[in-house]
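Asker: next one to model:
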Amino acid sequence: MLPTPHLKDVDYEKIYEPSEDSFYLLDCLEDQKSYLESKFKNHVPVVVEIGTGSGIITTFLLQCILQEALYMATDVNPSACTCVLKTASHNCPHRAHLVDSLQMSLASAVRPNTVDILVFNPPYVPAEEVPELSPDDTKDTQWLDLALLGGEDGMVTTWKVLNGLDSILSAGGVAYILFCARNHPESVAQQMQRRGWKVDVIIHKKAGWEVLSILRFLKA
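Answerer: Model prediction:
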């Protein structure tokens, strides 16, 4: 088992605390290590994590999976953007320069068709609506709500990313996205397959009362 990055002095009142979903993503990426190393052995891949939170996922990738990749971690939460750089520096001081952090919504400012590996642990909890955050609103509780609440079926934010995969991923790019059962991942997979995507279930596990799945998306 590969080591989990150590988190130091993280303020969980401002930043999503890693939970089962985070650790299942680590399991998924560990499972995919050989696949990713082989797929991108001939060039340095660009890796983007959307909604980086504490930075544990990006740092794990840097530390254990693809040590020579270029990493961009995005989050709307400025505290998360700072935290990922701190987490990477604490765990990988000699390679932390490979990580950049961008405060943005999803991957809105990423250059089109340049992302080789996309990782997204979305706000997947069903809610009446996705919380809105005005530029002047810095209440810590609202940052956490944005990390959790995904609107109808918990899928409003996730569909924004899925609908944009064609313009986000490079020609051979791959995306790993996490879903809960209430997101209806089987239906999502079918819809994406009809659009020309190859969809594989990499992780499917029970987490307390919830069932979580991590799906891999490749252009067929």
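Asker: C-terminal to the helix or strand bottoming out on mean pLDDT in the chain, what's the next element?
Answerer: Least confident helix or strand, the chain: helix 140-148 with a mean of 76, by mean pLDDT, DSSP states H and E. Following the chain from helix 140-148 toward its C-terminal end, the next helix or strand by DSSP states H and E is helix 156-163.
Asker: enumerate every residue touching F179.
Answerer: By Cβ atoms under 8 Å, 6 or more residues apart in numbering, F179 lies in contact with 124, 158, 185, 188, 212-215. For every residue, glycine as well, the C-beta is placed using N, CA and C.
Asker: hang on, it in a strand?
Answerer: Yes. According to DSSP: H, G, I helix; E, B strand; the rest coil, F179 belongs to a strand.
Asker: which residues does it bridge with?
Answerer: S213 (DSSP bridges).
Asker: for the longest helix along the chain, packing partners?
Answerer: Of all the segments of type helix in the chain, defined by DSSP state H, the longest one is helix 78-91. Packing contacts for helix 78-91, counted by 3 or more Cβ pairs under 8 Å, 6 or more residues apart in numbering; DSSP states H and E, involve helix 56-60, strand 70-75, strand 99-103.
Asker: now with 6 Å?
Answerer: Packed against helix 78-91, as judged by 3 or more Cβ pairs under 6 Å, 6 or more residues apart in numbering; DSSP states H and E, are the following elements: helix 56-60, strand 99-103.
Asker: contact partners of it?
Answerer: 5, 8, 14-15, 52-55, 58-59, 63, 73, 75, 96, 99, 101, 103 (Cβ atoms under 6 Å, 6 or more residues apart in numbering).
Asker: again with stretch 40-54
Answerer: Identification of contacts with stretch 40-54 by Cβ under 6 Å, 6+ apart yields 7, 10, 15-16, 18, 57-58, 68-75, 80, 83-84, 106-107, 114-120.
Asker: the most centrally placed residue in the chain pairs with what?
Answerer: Centroid check for the chain by Cα atoms, centre = their mean gives F120 as the closest residue, at 2.3 Å. Beta bridges link F120 to I50, I177 when assigned by DSSP bridges.
Asker: circling back: can I have the buried ones of the contacts of F179 as a PyMOL selection?
Answerer: In PyMOL syntax, the buried subset of those is picked out as below (16 or more other Cβ atoms under 10 Å):
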select buried, resi 124+158+185+188+212+213+214+215
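Asker: least confident of the contacts of F179?
Answerer: Note: of those, the lowest pLDDT belongs to Y124, at 89.
Asker: list the residues that contact that one.
Answerer: Residues in contact with Y124, defined by Cβ under 6 Å, 6+ apart, are 150, 154, 180, 183.
Asker: now, of these, which are buried?
Answerer: 150, 154, 180, 183.
Asker: farthest pair within these?
Answerer: G150 and C180 (9.1 Å; Cβ to Cβ).
Asker: run through the protein and note the low-pLDDT ranges.
Answerer: 133-141 (pLDDT under 70).
Asker: deepest of the helices and strands packed on helix 78-91, which one?
Answerer: helix 56-60 (a mean of 28; mean count of other Cβ atoms under 10 Å).
Asker: for stretch 170-178, buried residues please.
Answerer: 170, 173-178.
Asker: got the contact list for that stretch?
Answerer: Contacts for stretch 170-178 (Cβ under 6 Å, 6+ apart): 21, 113-121, 165, 214-218.
Asker: kindly report the same for stretch 95-113.
Answerer: Stretch 95-113 is contacted from outside by 48, 50, 62, 70-74, 76, 78, 81, 84-85, 88-89, 161, 167-168, 170, using Cβ under 6 Å, 6+ apart.
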